[in-house]
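S.K.: kindly generate the corresponding structure for this input.
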Amino acid sequence: MTRGVGFDLCEIARMEKLVEDERFLNRFFTEQEVAFIRSKGRNKAQTMAGIFAAKEALTKALGTGLIFDLREIEVRHTETGQPCYAFSGEAAEKAGNDRFLLSISHDGGMAGAVCICEDTERKG
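M.R.: Numbers count the residues shown, from 1 in each chain. A predicted model of the protein is given here:
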């Protein structure tokens, strides 16, 4: 059963200004995310915007807003490139056993992400 849906947009130009800012990167992204962003070359700001939007979309799907450190939400990618989440700390507690579906897209100077939270405990 769907528990929540979250959507967020992030302007890529905003991330272009911050992609080399170590303080910003270390505040909002895990080491693995920073490595992934840097591996994208010319598209690193686009990738960074997508990951940031994905984290914001998740907090909206949970209905919590930003109550925990965004580094506790890690955006990873499967072998086929599909984005997914990994959690730690308070974010892991809040996520519980729920299932999260994630889609990220980029176009026209914007990155967007949709997160669907499915309650795995309730039948419905």
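S.K.: would you mind finding the longest helix in the chain?
M.R.: Assignment by DSSP state H gives helix 44-62 as the longest helix of the chain.
S.K.: and the first helix or strand past that one going along the chain, which strands flank it?
M.R.: Once the chain leaves helix 44-62, the next helix or strand it forms, by DSSP states H and E, is strand 73-77. Paired neighbours of strand 73-77 in the sheet (DSSP bridges): strand 83-87 (antiparallel).
S.K.: and the strand it pairs with, what's buried?
M.R.: For strand 83-87, the neighbour count (16 or more other C-beta atoms under 10 Å) marks 83, 85, 87 as buried. Every C-beta, even on glycine, is put in place using the N, C-alpha and C of the backbone.
S.K.: using a markdown table, please lay out these together with pLDDT.
M.R.: Formatted as a markdown table, the buried residues of strand 83-87 follow (pLDDT from 0 to 100):
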| residue | pLDDT |
| --- | --- |
| Pro83 | 97 |
| Tyr85 | 97 |
| Phe87 | 95 |
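S.K.: before we move on, back to that, and the longest helix of the chain, average pLDDT?
M.R.: On average, the pLDDT along helix 44-62 is 96.
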